[in-house]
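1. I would like to see how this sequence folds:
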Amino acid sequence: MRLNRNCLFFILSFCYVKGVDKGNFKSCEQSSFCKRHRATRETPSAYIADLKSLSLHKERAFIDVINVEANIPLTLEIIALHNYAFRIKIQEKNGLRKRYQVENALVREPETAPIILLEKKDDHIVLGLDAVNRMVIQGNPFRLDLFNKDGHVITMNGRGMFKFEHYRTRKTLLGKAISKVAEVVGSSGSLTHRLASWIGNLLSSPEEIPMEHNPETDSQIEPLDAEEVQQTSEEPPAEVPVNNDAEETEPGMWEEDYKSHHDSKPYGPSSFGVDLSFPGSNHVYGIPEHADSLALRDTLNGDPYRLYNLDVFEYELWSPMALYGAIPFVMAKGKEGAVGVYWQNAAETWVDVRDVPGGGVVSSLMKLVSGGASEPGPHKEVHFISESGLMDVFFLLGPGPKDVLQQYTGLTGVTPLPQMFAIAYHQCRWNYNDQEDVQFVHENFDKEDMPLDVIWLDIEHTDNKKYFTWDPIKFSDSLGMMKNLSDKGRKLVTIVDPHIKRDSNYFIHKDCEANGFYIKDTNGKDFEGWCWPGSSSYPDFFNPAVREYWKEQYAFDKYHGTTKDVYIWNDMNEPSVFNGPEVTMHKDKLHHGGWEHRDVHNIYGMLVVDSTFQGLMARGENKLRPFILSRSFFAGSQRYGAIWTGDNGAEWGHLQVSIPMVLSLSIAGMAFTGGDVGGFFKNPETDLLIRWYQAGAYQPFFRAHAHEQTRRREPYLYDETTKDIIRQAIRQRYALLPYWYTLFYENEKTGIPPMRPLWLEYPKDSDTFALDDVYLLGDSLLVRPVTESKATSVKVYFPSDESAMTIWYDVETYETFTGRGYKSIEVDMYKIPVFQRGGSIIPKKLRPRRSSVLMQHDPYTLVVALDEEGKASGTLYIDDGESFDYREGKYVYGHLDYQRGKLSFRFLDAGRYSDASWVERIIVAGLRLKPHKIFAQIQGTKDHVELDFKYEAKMHILTIRKPKLPMNYEWHLQFY
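-> Next up, the predicted model:
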């Protein structure tokens, strides 16, 4: 029976109001592979490395690893990488089925480095990038130890938790039947899967009958295109020993049920996991996305952190529950340095975190190899567990936290410089009713002098939830609507989700169905699930033809009614399946190449966005930078656009948790992110809404959004006081756009995110390691949002360098604060604590405008905050704000420097751009002596122009008005 769409909407809306039901999502105890791995005892490992099997090549080494209990050989591949990193891969030596290796996450194949054999003994081998950065492979038991300049920094399998479930044939009548099917049909992944699933349903209670492996009849099952003809392997694999695992009949290994959903698991168990210890590191960060603290908590007495992309509305706070995205990257931070691990796997993954009291990591062999290393004190340990795929792990040896970030983003890529409008203010709601409503919204922003760059349209703008269309009545003149927005420098974002309405009159559905573009069910038919349109199917983005088709739909002659000022929002791309297990797709559904959905789940959403990105690139003839917002993400998603923290609620707790969530995403490569201002669900009280705008103005992605069942809350609807406070918050964002834009440019160059935890800039200040209510923008602004109701003061932690006392200036009053530690700062509703670091120069634009486009040629204000030595420096980046011309050298990237009474602007590289902007004001804070005169000289001129200035002796503030210094020339000011 099919649900009426209105009935479905009512049910979902009720669920949304009630909030998340944890009972709809698995715990580790309900996930059979997680439960099996978590039950692994800390005993001597069942695996040994056969060191005599070492095969050494220029950049890589191969060693056999044996499961001595089951006599199963694995292959360990070790690859030396440029920039102080190792990569390892582990898989069956003669597997029955090829394992999925993640594609598309890496920006390119990593640059390898020569691998050096430093030592070879009977019980261990030492391989190195050099004499310092090295890996020790221990034979019995199997174990890896990694070293950098700080000494012993990572141990793999130190506690013997390594467990690798090899592909096998099932010792049952069912297993024998499946093997016979494989023998008959060969290696066609789709047909094998389909028949195996059919037999599995037929034989629900098979009799246990021992079955021996027959290498002459068992085909090596390679994943193939579901439409490819039947093929058999030309060369059968070498003989695989009979499986002797005692766990053969454990529940969930060969089929699994959750609620009313059945997972057929025709290939059996294929999971793997291992413990990773970080000697000397007391804090571990990363593995977003979770609504939890920045520093990962010990999970011994609860569930592990889960990485499995899910549609979770109004999620639980301070929880390890899975959310919309998964980045399997951790950074471990010690007193001095840091290291990282990127676990490249797209299947469901659980990560236990453990506080280890000390000891038990350094073996007698390690003491010998490391020159007498002592047992570490308390440190962190993680235990990664993945359901399927290849074990593919990158060890990033730092040695500092910024080094780790650069190593990680060197692998997975960086966020490309956004257009200027994208980092300004966005106004969204589910849904703006029609084009008249859109006009009413942006006209009222103008009426109240509130800046606005983007208006968003949710699912109701479409023709009956058919994406790439417009409602013919409510949005009958989308081009006219767009002209009204574009005339004021504004943009529009429309939603395009990857669930396609099964409607025979819908051109997207007809094309996908006719060309076999949908994900298949276990019978080889198009998978059908439920989402917003009702009955829906899902394009298979693992098929290159599907990605090309999706890309083509964004062309102006196909996505009618759009212009270059229309950008895209890819939502629900986990993928969300309302009637699926855990509101997502069944794991045994089939993708192009014969892969099961279980193998690729976490990367599906990224491929949707990749295809959209390519579409916008082609639409703009590779000239305009795309803007895309995605809810689902994986490692590498940062290359395609922004993400947000999902369906939050109008509660103080959701405002509080948005800070560690964005920080966690930032240090995992997702530099362009933020939370929905005001909370998506429920109605925020006025002071909460104000505080959220003030916080959102200092997060990378700044968007207000609301559920359709909430009251309208556009900021112009409130009382005069509230409007004034929110107007100020938005204007503060616009004033800092030159600084934000510079930070995003530098992120593209270095991988260092604009929004940073304090320890990223103060890596030796251990008091910062667990802080996540205060953060830095770049290295120059310290921000402490007010996240408590009716607060009149907040505690702010001020970090400081070891070598010199850091001065922090209040950005509004220039009051100074010095000394490392906490200080109580008074606040009112107009103010949140924001401070500029002494020793920095920050560019601003202070003229209020309707949108960022209209600010393009506005003059700059430079705020120079002097340090204890009377010095300051900063950078400024300028280009056209929208195109890729900057990659052809059409930009200005300059260094601002003040010392010894001279303020100068110098180009940092060969980039040049004819910008009409100039400097209209310079503020110097912390200047102890009033100068007698100030002269300016511009490059290429001989004139020294005397400038007018004002000096406030009590506050030590000097202001130079209208020096008229052009930003497309070098110049300097001399203070006399």
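
2. by mean pLDDT, which helix or strand of this structure comes out lowest?
-> Lowest on mean pLDDT, DSSP states H and E among the helices and strands of the chain sits helix 5-18, with a mean of 45.

3. packing partners for the very next helix or strand once past that one?
-> Counting by DSSP states H and E, the next helix or strand C-terminal to helix 5-18 is helix 32-38. Using 3 or more CB pairs under 8 Å, 6 or more residues apart in numbering; DSSP states H and E, the elements in contact with helix 32-38 are strand 349-356, strand 379-386. Every C-beta, even on glycine, is put in place using the N, C-alpha and C of the backbone.

4. of those, which stretch is the most buried?
-> Using mean count of other CB atoms under 10 Å, the stretch among those with the largest mean neighbour count is strand 379-386, at a mean of 25.

5. what packs against it?
-> Helices and strands touching strand 379-386, by 3+ CB pairs under 8 Å, 6+ apart, are helix 32-38, strand 272-278, strand 281-286, strand 338-343, strand 349-356.

6. ok, that strand: who's next to it in the sheet?
-> strand 272-278 (antiparallel), strand 349-356 (antiparallel) (DSSP bridges).

7. tell me what angle that strand forms with strand 281-286.
-> Using axes from the mean of the first three to the mean of the last three CA atoms, to 10 degrees, the inter-axis angle of strand 379-386 relative to strand 281-286 is 30 degrees.

8. residue nearest the centroid of this structure?
-> The centroid of the chain falls nearest to residue 670 when counting by CA atoms, centre = their mean (3.9 Å).

9. pretty sure that residue is touching residue 633, no?
-> Yes. Counting by CB atoms under 8 Å, residue 670 touches residue 633, with 6.6 Å between them.

10. and for the two, which residues touch both?
-> Taking CB atoms under 8 Å, 6 or more residues apart in numbering as the contact rule, residue 670 and residue 633 both touch 325, 327, 643.

11. how about the first one: what's its closest non-neighbour residue?
-> In space, and not counting its chain neighbours, residue 325 is closest to residue 633: 3.7 Å by CB to CB, 6 or more residues apart in numbering.

12. quick check: the one you found vs residue 515, distance?
-> Distance, residue 633 to residue 515, by CB to CB, to the nearest Å: 27 Å.

13. ok, residue 615 next?
-> For residue 615, the distance to residue 515 - CB to CB - is 17 Å.

14. the more surrounded of the two?
-> Between residue 615 and residue 515, counted using other CB atoms under 10 Å, the more crowded position is residue 615 (25 against 12).

15. so how many other residues sit close to the nearest residue to residue 318 once chain neighbours are set aside?
-> Among residues not flanking residue 318 along the chain, residue 292 sits closest, at 5.6 Å (CB to CB, 6+ apart). Residue 292: 23 surrounding residues under other CB under 10 Å.

16. state the distance from residue 292 to residue 387.
-> Distance from residue 292 to residue 387, by CB to CB: 22 Å.

17. which one of the helices and strands packed on strand 379-386 lies nearest to residue 256?
-> The closest of the helices and strands packed on strand 379-386 to residue 256 is helix 32-38. By CB to CB, the value is 5.5 Å.

18. run the chain-centre distance for that closest one.
-> Put simply, helix 32-38 sits 26 Å off its chain's centre (CA atoms, centre = their mean, to the nearest Å).

19. hmm, who's touching it?
-> 28-29, 161, 163, 165, 247, 250-253, 256, 269, 271, 273, 304, 350, 352, 383, 385, 387.

20. what about 6 Å?
-> Helix 32-38 has contacts (CB atoms under 6 Å, 6 or more residues apart in numbering) with 28, 29, 163, 252, 256, 271, 273, 350, 385, 387.

21. on that earlier part again, need the helices and strands packed on strand 379-386 in CSV (columns: distance to residue 486 and mean pLDDT).
-> Converted to CSV, the helices and strands packed on strand 379-386 look like this (distance: least, CB to CB, whole Å; pLDDT from 0 to 100):
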stretch, distance to residue 486, mean pLDDT
helix 32-38, 51, 97
strand 272-278, 52, 98
strand 281-286, 40, 98
strand 338-343, 42, 98
strand 349-356, 44, 97
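
22. among the ones you listed, which is nearest residue 138?
-> Across the helices and strands packed on strand 379-386, closest to residue 138 is strand 272-278 (CB to CB), at 13.7 Å.

23. before we move on, back to that, just give the nearest non-adjacent residue to the residue nearest to the centre of the chain, would you?
-> residue 638 (5.1 Å).

24. distance of the closest residue to residue 167 other than its chain neighbours relative to residue 28?
-> Spatial nearest neighbour of residue 167, excluding adjacent residues (CB to CB, 6+ apart): residue 96 at 4.2 Å. Distance, residue 96 to residue 28, by CB to CB: 27 Å.

25. can you tell me which of the contacts of helix 32-38 are buried?
-> Buried members of the contacts of helix 32-38, counted by 16 or more other CB atoms under 10 Å: 28, 163, 252, 256, 271, 273, 350, 385, 387.

26. wait, which of these is closest to residue 830?
-> Of the buried ones among the contacts of helix 32-38, the one sitting nearest to residue 830 (CB to CB) turns out to be residue 350, at 45.1 Å.

27. hang on, that closest one packs against residue 305?
-> No. Using CB atoms under 6 Å, residue 350 makes no contact with residue 305, being 7.0 Å away.

28. low-confidence ranges in the stretch 451-600 of the chain?
-> Applying pLDDT under 70 to the stretch 451-600 of the chain picks out no residues at all.

29. just the chain next, same as before
-> Checking the chain against pLDDT under 70 turns up 1-18, 172-248, 359-375.

30. off-centre distance for the helix or strand residue 965 falls within?
-> Using DSSP H and E, residue 965 sits in strand 957-966. Put simply, strand 957-966 sits 41 Å off its chain's centre (CA atoms, centre = their mean).

31. what comes into contact with that strand?
-> Strand 957-966 is contacted from outside by 814, 918-925, 927, 936, 947, 949-951, 971, using CB under 6 Å, 6+ apart.

32. list the buried residues in that strand.
-> 957, 958, 960, 963, 965.

33. against residue 928, how distant is the first one?
-> Pointing back at residue 957 there. On the measure of CB to CB, residue 957 and residue 928 end up 11 Å apart.

34. again with residue 848
-> For residue 848 relative to residue 928 (CB to CB), the value is 33 Å.

35. what do you get for residue 154?
-> 49 Å.

36. name the residue in those two with the higher neighbour count.
-> residue 154 (24 against 8).

37. that one: what secondary structure?
-> For residue 154, the assignment made with DSSP: H, G, I helix; E, B strand; the rest coil gives strand.

38. disregarding residues adjacent in the polypeptide, which is nearest to it?
-> residue 146 (4.2 Å).

39. need the helices and strands packed on helix 32-38 in a markdown table with distance to residue 695, can you?
-> Converted to a markdown table, these look like this (distance: least, CB to CB, whole Å):
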| stretch | distance to residue 695 |
| --- | --- |
| strand 349-356 | 27 |
| strand 379-386 | 29 |
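
40. residue 652: which of those is closest?
-> strand 349-356 (26.4 Å).

41. just how off-centre is that closest one within its chain?
-> The answer for strand 349-356 is 20 Å, by CA atoms, centre = their mean.

42. list the contacts of it.
-> So strand 349-356 is contacted by 28, 34, 287, 296, 298-300, 304-307, 328, 379, 381-386 (CB under 6 Å, 6+ apart).
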